[in-house]
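> Take a look and give me a structure for this.
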Amino acid sequence: MQEKAGLSEALELMKDLRRRCDWDAAQTHESLRPYLIEEAYEVDDAIRAGNDTQLREELGDLLLQVLFHSVVAEERRAFDFGDVAEGFLRKMKSRHPHLYEGGERQSWEGMKARTRASVVDGLPADLPALHRAFRLQDRAAGVGFDWPDAAGPAAKVEKELAEVRGEIAVGAHVSGDGVPDPALEMELGDLLFSVVNLCRKLGVHPSLALDKANTKFARRFQDVELLAKSRGIEVQSAGLEALDELWNEAKRNGTGNGELGTV
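Residues are numbered from 1 along each chain as shown. Sure thing, here's the model as predicted:
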């Protein structure tokens, strides 16, 4: 059986492309930024789809970005792929002292916290807001700022929801030009942040939970649209009552999963 190619062959190919392909030779760290983000999302899509063939291909495309940046950095005499690999090995071993250094198991975030001046250090500002909230809370928990159990964040969600209702009761709303009431926006932000914290404390990543809820809603509403079309009903003018009946029918028929109810 022919031996599979390895990282060394992949790295040499990347260097050869930099020498002989005009497009590859012209790229910089800056020009490659959009591709890195795109490839990461494509890996995520493959995982969501459960498609191993697609996942293998997309992981290769993501590896290309790692190799590409490493070679560009080597040409600048900044560092090379060997330095990247060495840094990875050193970091993973230091973060698992119970496995490699004869030490005790320690909290990952707790260990990382000792190397940071603040919980926000090194956290990308452009992270999706939901994931950023999760990471901020996770980092704060790493230095001991955390509820002992899920009861605390659950009560906090109820408190923040009550404050949102309070703003609604005094007439907070979105203006005619689409600008939200500042106090209402702040309270809704607090509510979302609290829900993220509850998810974290229960071991559920909010981004994944919301992604599944989005998928469930999209599938069921597509079934609502199909039901409406089969009966000559125009979704745009049907009205809430009629659409809610179709929604409940789609739910009874087993389309989608869960109990979303009227939105």
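
> for the stretch 1-150 of the chain, what are the low-confidence residue spans?
Residue ranges of the stretch 1-150 of the chain with pLDDT under 70: 1-2.

> in it, which spans are helices?
Per DSSP state H, counting those that start in this stretch, the stretch 1-150 of the chain carries helices over the ranges 7-20, 22-26, 29-49, 52-75, 81-94, 97-100, 108-113, 129-142.

> and these, which is most packed in?
The highest average neighbour count among the helices of the stretch 1-150 of the chain, using mean count of other CB atoms under 10 Å, belongs to helix 129-142 at a mean of 18. Quick note: C-beta positions are derived from backbone N, CA and C, even for glycine.

> So what's the gap between that one and the chain middle?
Mean C-alpha position of helix 129-142 versus that of the full chain (CA atoms, centre = their mean, to the nearest Å) differs by 12 Å.

> Against which helices or strands is it packed?
helix 108-113, helix 182-201, helix 206-230 (3 or more CB pairs under 8 Å, 6 or more residues apart in numbering; DSSP states H and E).

> for the stretch 151-263 of the chain, what are the low-confidence residue spans?
In the predicted model, the stretch 151-263 of the chain carries pLDDT under 70 at residues 174-176, 255-263.

> Can I get the helices and strands packed on helix 129-142 in CSV including distance to residue 10?
Below are these laid out as CSV (distance: least, CB to CB, whole Å):
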stretch, distance to residue 10
helix 108-113, 29
helix 182-201, 37
helix 206-230, 30
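
> Pick the most buried one from the ones you listed.
When the helices and strands packed on helix 129-142 are compared using mean count of other CB under 10 Å, helix 182-201 is most buried, at a mean of 18.

> Correct me if wrong, but residue 232 is in a strand.
No: per DSSP: H, G, I helix; E, B strand; the rest coil, residue 232 lies outside any strand segment and is coil.

> What distance do you get for it to residue 238?
11 Å (CB to CB, to the nearest Å).

> The two: who's more crowded?
Between residue 232 and residue 238, counting by other CB atoms under 10 Å, residue 238 is the more crowded of the two (16 against 6).

> Please name the residues that touch that one.
By CB atoms under 8 Å, 6 or more residues apart in numbering, the residues touching residue 238 are 228, 246.
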